[in-house]
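**Student:** here are the coordinates; sequence isn't available:
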Ligand code: HEM
C-alpha cells in the first residue's frame, strides 16, 4: 500500500500521527493548567477521563498513534541512512544549515520514549490501570491532584521531567514545521512563517507543562494553599 511502500507515504504517516499527538498534548497541557488553580476541578476531569469506555478507547487510539509514529520513525531513519550512506557523516559534521534537533530526531525520540514510560508509570499506571484492574493504590484512581503533588515533591522526578520536557520541546520544534512541509506547505514565505508559528506554539505548549512541574515542586501553585 502507498502509505507503507512509498517514502512519501511513510512521511505522511509520520506527519499526520505527529500532528495528532501535538493536538493531544494541547488538550493534556490545558487540562494540567487546571491543577494549578483547583485540585477539586482537576480531579473532576480525571474522574471523567477515568476507566470509562470512551476514555479507554481514546487511550488505545493514542497508544496506536504513538506506536505508528515510533515504528515509522525507525523505518524512515534506516531508509535515510541507507540512501545517504557515508555522506550522512559529512552533513552531520559540518553543515550549519542542518539544525541540531533535525539531526537528532531519533535520539530525542528515544529520550522522550524513556520519559514517557516513567510518566505512564507515575500517573496512568496508578490511575486508569489501577482502576481497570481493581488494584488499591496510595490514592484514589481519580485523585490526579494528589499524584501530581506526590510526584513533584521528589526532586529527582522534577529534574527528570524537566530534561524530558526539554527533549520534547527540541523534538517538536523541528517536527512541527517538518510535518507542515510534508502535508504540503510550500514556498519560502510560508515555510518561514510555519517555522515561526511552530516555534511559538510548541514553546507555549511545553512552558504550560513546565509551569505545572515547577509550581508543584516549589509549592507555589494557587491550588495548594487551599488544598487539604
Ligand atoms: C509535566 C506535566 C504533566 C503532568 C502533571 C501530567 C499528568 C498526567 C496525569 C494525571 C495523567 C493521568 C490521567 C488519567 O488517567 O486520568 C496523565 C496521563 C498521560 N500523560 Fe501526562 N502529564 C504531564 C505531561 C505529559 C507529557 C509532556 C506527555 C506527552 C509527551 C504526557 C502524556 C500522557 C499520556 C500519553 C497519558 C495517558 C493518557 C491516557 O490514559 O489516555 N503527559 N498525565
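**Tutor:** Cool, the structure landed. This structure is a prediction, so every number in the text was calculated from the model and none was measured. Numbers count the residues shown, from 1 in each chain.

**Student:** pull the number of nearby residues for the nearest residue to residue 48 once chain neighbours are set aside.
**Tutor:** Leaving out its chain neighbours, the residue that sits closest to residue 48 by Cβ to Cβ, 6 or more residues apart in numbering is residue 55, at 7.6 Å. (Each C-beta comes from the backbone N, C-alpha and C, glycine too.) Using other Cβ atoms under 10 Å, residue 55 is surrounded by 16 other residues.

**Student:** how about the contacts made by residue 55?
**Tutor:** Residue 55 sits next to 48-49, 128 when contact means Cβ atoms under 8 Å, 6 or more residues apart in numbering.

**Student:** where does it land in three-state SS?
**Tutor:** What DSSP: H, G, I helix; E, B strand; the rest coil gives for residue 55 is helix.

**Student:** how about residue 123: what's its closest non-neighbour residue?
**Tutor:** residue 147 (5.8 Å).

**Student:** separation between the one you found and residue 119?
**Tutor:** Using Cβ to Cβ, to the nearest Å, residue 147 is found at 11 Å from residue 119.

**Student:** cool, and residue 52?
**Tutor:** 21 Å.

**Student:** ok, these two, which is more surrounded?
**Tutor:** With neighbours defined as other Cβ under 10 Å, residue 52 and residue 119 compare such that residue 119 has more, 17 against 13.

**Student:** please name the nearest non-neighbouring residue to the more buried one.
**Tutor:** residue 164 (7.4 Å).

**Student:** cool, residue 182 as well?
**Tutor:** In space, residue 182 is closest to residue 15, 4.1 Å off (Cβ to Cβ, 6+ apart).

**Student:** residue 184 is in contact with the one you found, correct?
**Tutor:** No. Using Cβ atoms under 8 Å, residue 15 is not in contact with residue 184, being 9.8 Å away.

**Student:** more neighbours: which of those two?
**Tutor:** Set residue 15 next to residue 184 and count neighbours by other Cβ under 10 Å: residue 15 wins out with 21 against 8.

**Student:** which secondary structure element of the protein has the lowest mean pLDDT?
**Tutor:** Within the chain, judged by mean pLDDT, DSSP states H and E, the helix or strand with the poorest mean is helix 87-94; its value is a mean of 48.

**Student:** how many other residues sit next to residue 14?
**Tutor:** 22.

**Student:** can you pull the contacts of it?
**Tutor:** By Cβ under 8 Å, 6+ apart, the neighbours of residue 14 are 69, 72-73, 76, 179, 182.

**Student:** list the buried residues of the helix or strand where it lies.
**Tutor:** If you go by DSSP states H and E, residue 14 is part of helix 7-37. For helix 7-37, burial by neighbour count (16 or more other Cβ atoms under 10 Å) applies to 10-18, 20-22, 25, 29, 31-32, 34-36.

**Student:** which among those are in contact with the ligand?
**Tutor:** 25, 32 (Cβ under 6 Å from any ligand atom).

**Student:** how about residue 73: what's its closest non-neighbour residue?
**Tutor:** residue 109 is the one closest to residue 73 (Cβ to Cβ, 6+ apart), at 5.6 Å.

**Student:** pretty sure the one you found contacts residue 171?
**Tutor:** Yes. Using Cβ under 8 Å, residue 109 makes contact with residue 171 at a distance of 6.4 Å.

**Student:** tell me which of those two has more neighbours.
**Tutor:** residue 171 (21 against 18).

**Student:** which regions of this protein lie under the pLDDT threshold?
**Tutor:** 1-2, 85-99, 101, 226-228 (pLDDT under 70).
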